[in-house]
Every structure is written in C-alpha cells, then in structure tokens.
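Colleague: Using only what follows, build the 3D model:
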Amino acid sequence: ANPEHYGFQKYTPLSEMDGFIVDIRNLANVSKSGVITAEVPWGRLTPKSGNGLVNIAAEGRESALLVDKNDKCHYLIREIFRERFKQVLNQ
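Modeller: Sure, this is the predicted structure:
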C-alpha cells in the first residue's frame, strides 16, 4: 500500500464541522487490473442533533470536500459549506 493514496484529516471528535458529523471517504475502484482512486475526497454528513448515522438511507447527505493545504481559505470554505449544508438539509 502506498501512503500517498490515503486521505488524511485533522482529528476532531466524531469529525465535527459546524454542527455536522462528517465521515470523510475516498472513492476507489479495486479490480483485477488495478486500483483507481478519486482525486477529490467525499464526505457524508448529518446534523449533530440527528441520530448520528451518516448513511444515505438514514437521511445523511454526500458532499465533495475542499482541501486547502495552506489554510488561507479556511473561513471562506467553511461559510460556503455551512450555507450549502443548510440548503441541502432543509429540502
């Protein structure tokens, strides 16, 4: 296994972000001919006030994740996601 193929995230309890529980995932396809991984990680999220399940069948939602290695856009990205999560969860 190549460590460069794994996604990492800063640890926070239950991967919390702005009132949501987020489960970060890296999409992959494993077959006899090799392994293909997505360059963009995905997250499944649900409000902390919910049942804690991020599964789609349990009212969870999927979202693409943005990664800012220099931490310069942290607040802008957080505001964009916060508004988008509110819109998605209020549908």
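Colleague: Could you give the bridge partners of the closest residue to residue 25 other than its chain neighbours?
Modeller: Sequence neighbours aside, residue 42 is the residue nearest to residue 25 in space, at 5.3 Å (criterion: C-beta to C-beta, 6 or more residues apart in numbering). No exception for glycine: its C-beta is placed from N, CA and C like everyone else's. Judged by DSSP bridges, the bridge partners of residue 42 are residue 25, residue 64.
Colleague: correct me, but residue 36 touches residue 28?
Modeller: Yes - contact criterion C-beta atoms under 8 Å: residue 36 and residue 28 qualify, at 6.7 Å.
Colleague: before we move on, the earlier item: distance of the residue nearest to residue 25 relative to residue 51?
Modeller: Applying C-beta to C-beta, to the nearest Å, one obtains 21 Å for the distance of residue 42 from residue 51.
Colleague: Helix or strand with the lowest mean pLDDT in the chain?
Modeller: When each helix and strand of the chain is scored by mean pLDDT, DSSP states H and E, helix 74-89 comes last, with a mean of 65.
Colleague: mind checking how far residue 47 is from residue 33?
Modeller: Counting by C-beta to C-beta, the separation of residue 47 from residue 33 is 40 Å.
Colleague: of those two, who's got more company?
Modeller: In this comparison of residue 47 against residue 33, neighbours counted by other C-beta atoms under 10 Å, the higher total goes to residue 47 at 16 against 7.
Colleague: Report the beta-bridge partners for the more buried one.
Modeller: For residue 47, the beta-bridge partners under DSSP bridges are residue 20.
Colleague: gap between it and residue 21?
Modeller: Counting by C-beta to C-beta, the gap from residue 47 to residue 21 is 8 Å.
Colleague: tell me the mean pLDDT over the helix or strand harbouring residue 22?
Modeller: Taking DSSP states H and E as the definition, residue 22 sits inside strand 20-25. Looking at strand 20-25 alone, the average pLDDT works out to 78.
Colleague: by contact count, what packs against that strand?
Modeller: strand 42-47 (3 or more C-beta pairs under 8 Å, 6 or more residues apart in numbering; DSSP states H and E).
Colleague: can you count the residues close to residue 4?
Modeller: 6.
Colleague: Over to it. Which of the three states is it?
Modeller: Secondary structure state of residue 4, per DSSP: H, G, I helix; E, B strand; the rest coil, is helix.
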